[in-house]
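K.L.:
fold the following and give me the result.
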Amino acid sequence: MKSQPVIELTQQLITRKSISPDDQGCQALIMERLAPLGFTFENIDIGQTKNLWAYHGDVNDETFIFAGHTDVVPAGDEEQWYYPPFTPTIDEQGILYGRGVADMKGGVAAMVCAAEDYIKQHPHHRGRIGFLLTSDEEASATDGTVKVVEKLMARHERVDYCIVGEPSSDKLLGDQIKNGRRGSLTGNLVIHGVQGHVAYPDLADNPIHRFAPALYELITTEWDNGNDYFPKTTMQIANIHGGAGAENVIPADLQIQFNFRYSSELTDDIIKQRVDAILTKHQLNYSLNWRLSGKPFLTSQGTLTQIASQAINEYTGLTTKLSTSGGTSDGRFIAQIGCQVIELGVTNSTIHKVNEQVAVQDLIVLKQIYQRILEKLFD
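P.N.:
Now for the predicted structure:
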C-alpha cells in the first residue's frame with residue numbers, strides 16, 4: 001500500500017520523546033510542513049512551554065482553527081509495551097503503536113495534512129485557517145493554550161470555529177463529538193486536630209474521627225441533577241492522608257484532596273459555599289484551598305457541529321452523537337473567545353496506557369474528515 005503522509009508525519013512526531021512540557025522539536029517539524037504554504041507563524045514560548053500560533057489567510061476573515069498539543073505523558077513501564085513506545089510500529093493488523101499516537105499526535109498529523117491538501121487545492125480560499133499548538137497540556141496546563149488565548153483576546157483576534165483534535169471517539173472513529181466539557185474544581189482540605197497518645201484520647205482531638213460525619217455528608221450529597229447537555233455533578237475523594245507514622249499516635253492533622261466535575265447548573269462559587277456550609281455545620285477546624293481547572297463550556301448545535309457530523313457520516317456512515325462526558329481539555333480555554341468549539345479525534349480507549357494504539361485506517365479517514373470540514377466551511 002502506498003505510504004500515506006498522515007501516517008508518516010504521525011510516526012515522525014512519535015519518535016520525538018516530547019514528555020510534557022518538552023516539545024522536542026515537534027512544533028518546528030510542523031512549521032516546516034506549513035511554511036511552504038505561506039503560513040504566518042508566531043512562537044509564544046513561556047518558560048519551558050512552547051506554543052505555536054499559525055495562520056493562513058486574512059486576519060479579518062472568518063477564522064477556523066485546529067487546536068491541540070504536542071506533549072505526551074510518560075510511557076510507564078516500557079517492558080510492558082509490545083514495541084518500544086517511542087519507536088512507532090505498525091503491526092500486521094494495521095495498528096500503529098506509540099506513545100501519543102492517540103493523545104494526540106495522530107490528530108495533529110491529520111490536521112496538518114488536511115490543511116496542506118486543502119490549501120494546495122484552494123490557495124486563495126475564503127476565510128482564515130489557523131493552528132494553536134502547545135507543549136503544556138498533559139502537565140500543569142498553565143503556560144500553554146490558556147496564555148495564547150489571553151494574548152489573542154487582548155488583541156481582539158477573530159476566531160469563529162475551533163476543532164480540538166483530542167481523542168473524542170468512543171468505540172468507532174466519529175461515533176461521538178465532544179461539544180462541551182464539565183467544569184473541574186479541586187479542593188485541598190486540612191482538618192486540624194490535637195495530637196496525642198491513642199491511650200489518652202481525652203487529651204487529644206482526632207481529626208479523622210471529627211471529619212468522618214462530614215465526609216459521609218459530602219459524598220452522599222446530590223449536588224444537582226444535570227441538564228439536557230451535562231450529566232449531574234459528581235464529587236470524588238482523590239487522596240486522604242493522616243497519621244504521624246506511629247500506631248500509638250493520634251495525628252494533629254488530616255489532609256483530604258477532592259475534585260468536583262460539575263455541570264452548568266452550578267458555578268464554582270456555589271460549590272465552594274455549599275462545601276464550607278457542610279464543614280461549618282460539623283464544627284470542624286479546617287483550612288481549605290481551591291484550584292479551578294476550568295469552567296463548564298458548551299457549543300450548542302450549530303454550523304460547526306452540523307458540518308462535522310455531515311463529514312463524519314460521509315466517510316464512516318455513522319450518525320455521530322454529541323457528548324460532554326470525560327475530563328477536561330484545552331477547549332475550555334478556547335471557548336472563552338466566544339467561538340464554536342468541538343473535539344473530534346480518534347478513539348480514546350488506550351490513551352495514557354501502555355501499548356497506546358490507533359488503526360492506521362482511522363488516521364487516514366480522520367484526515368479526510370478534517371479536510372471535508374474545511375471544504376464545507378469555506379467553499
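K.L.:
going by C-alpha atoms from here, please, whenever you check contacts or count neighbours.
P.N.:
Will do.
K.L.:
who are the packing partners of the helix or strand hosting residue 152?
P.N.:
Under the criterion of DSSP states H and E, residue 152 resides in helix 145-154. Counting contacts by 3 or more Cα pairs under 8 Å, 6 or more residues apart in numbering; DSSP states H and E, helix 145-154 packs against strand 51-56, strand 128-134, helix 331-334.
K.L.:
nearest to residue 271, out of the ones you listed?
P.N.:
helix 331-334 (18.9 Å; Cα to Cα).
K.L.:
which residues touch the helix or strand following the closest one?
P.N.:
Next along the chain after helix 331-334, taking DSSP H and E as the criterion, comes strand 340-343. With contact meaning Cα atoms under 8 Å, 6 or more residues apart in numbering, strand 340-343 is reached by 160-168, 177-180, 298-299, 304-305, 331, 334-335.
K.L.:
partner strands of the next helix or strand after strand 340-343, parallel or antiparallel?
P.N.:
Using DSSP H and E, the helix or strand that follows strand 340-343 in sequence is strand 357-359. Under the criterion DSSP bridges, strand 357-359 sits next to strand 95-97 (antiparallel) in its sheet.
K.L.:
three-state assignment of the residue nearest to the spatial centre of the chain?
P.N.:
Centroid-nearest residue in the chain, with Cα atoms, centre = their mean: residue 329, separated by 2.3 Å. What DSSP: H, G, I helix; E, B strand; the rest coil gives for residue 329 is coil.
K.L.:
distance-wise, check it relative to residue 191.
P.N.:
32 Å (Cα to Cα, to the nearest Å).
K.L.:
residues in contact with residue 309?
P.N.:
The contact partners of residue 309, by Cα under 8 Å, 6+ apart, come to 319, 320.
K.L.:
repeat for residue 167
P.N.:
102, 103, 104, 107, 343, 344, 345, 346, 347, 348.
K.L.:
so the fourth one is in contact with residue 364, correct?
P.N.:
No - no contact is recorded between residue 107 and residue 364 when judged using Cα atoms under 8 Å, the distance being 10.3 Å.
K.L.:
OK, contacts around residue 157?
P.N.:
residue 59.
K.L.:
and it, which of the three is it?
P.N.:
coil.
K.L.:
ok, how many other residues are close to the nearest residue to residue 181 once chain neighbours are set aside?
P.N.:
Nearest non-adjacent residue to residue 181, counting by Cα to Cα, 6 or more residues apart in numbering: residue 324, 4.8 Å away. Using other Cα atoms under 10 Å, residue 324 has 24 neighbouring residues.
K.L.:
do you know how far residue 324 is from residue 231?
P.N.:
8 Å.
K.L.:
before we move on, what about residue 329?
P.N.:
17 Å.
K.L.:
about what we covered before: for the residue nearest to the centre of the chain, give me its contacts.
P.N.:
By Cα under 8 Å, 6+ apart, residue 329 lies in contact with 137, 166, 181.
K.L.:
quick one, which of those residues are buried?
P.N.:
137, 166, 181 (16 or more other Cα atoms under 10 Å).
K.L.:
in JSON lines, list the residues you listed along with secondary structure and distance to residue 4.
P.N.:
Converted to JSON lines, the buried ones among the contacts of residue 329 look like this (DSSP: H, G, I helix; E, B strand; the rest coil; distance: Cα to Cα, whole Å):
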{"residue": "137", "secondary structure": "coil", "distance to residue 4": "27"}
{"residue": "166", "secondary structure": "coil", "distance to residue 4": "21"}
{"residue": "181", "secondary structure": "strand", "distance to residue 4": "33"}
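K.L.:
so how many other residues sit close to residue 108?
P.N.:
For residue 108, the count of nearby residues is 30 (other Cα under 10 Å).
K.L.:
show me what the helix or strand containing it is packed against.
P.N.:
Secondary structure from DSSP H and E places residue 108 in helix 106-121. For helix 106-121, the elements it packs on are helix 5-14, helix 26-34, strand 63-69, helix 360-378, judged by 3+ Cα pairs under 8 Å, 6+ apart.
K.L.:
would you reformat these as a markdown table and include mean neighbour count and distance to residue 242?
P.N.:
Shown next, in a markdown table, are those (neighbours: other Cα atoms under 10 Å; distance: least, Cα to Cα, whole Å):
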| stretch | mean neighbour count | distance to residue 242 |
| --- | --- | --- |
| helix 5-14 | 21 | 41 |
| helix 26-34 | 16 | 43 |
| strand 63-69 | 25 | 37 |
| helix 360-378 | 21 | 47 |
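K.L.:
out of the ones you listed, which gets nearest to residue 98?
P.N.:
The closest approach between residue 98 and any of these, judged by Cα to Cα, belongs to helix 5-14 at 6.3 Å.
K.L.:
between that closest one and helix 360-378, how big is the angle?
P.N.:
Helix 5-14 and helix 360-378 meet at an angle of 110 degrees, taking axes from the mean of the first three to the mean of the last three Cα atoms, to 10 degrees as the criterion.
K.L.:
so which elements touch helix 5-14?
P.N.:
Packed next to helix 5-14, using 3+ Cα pairs under 8 Å, 6+ apart, are helix 106-121, helix 360-378.
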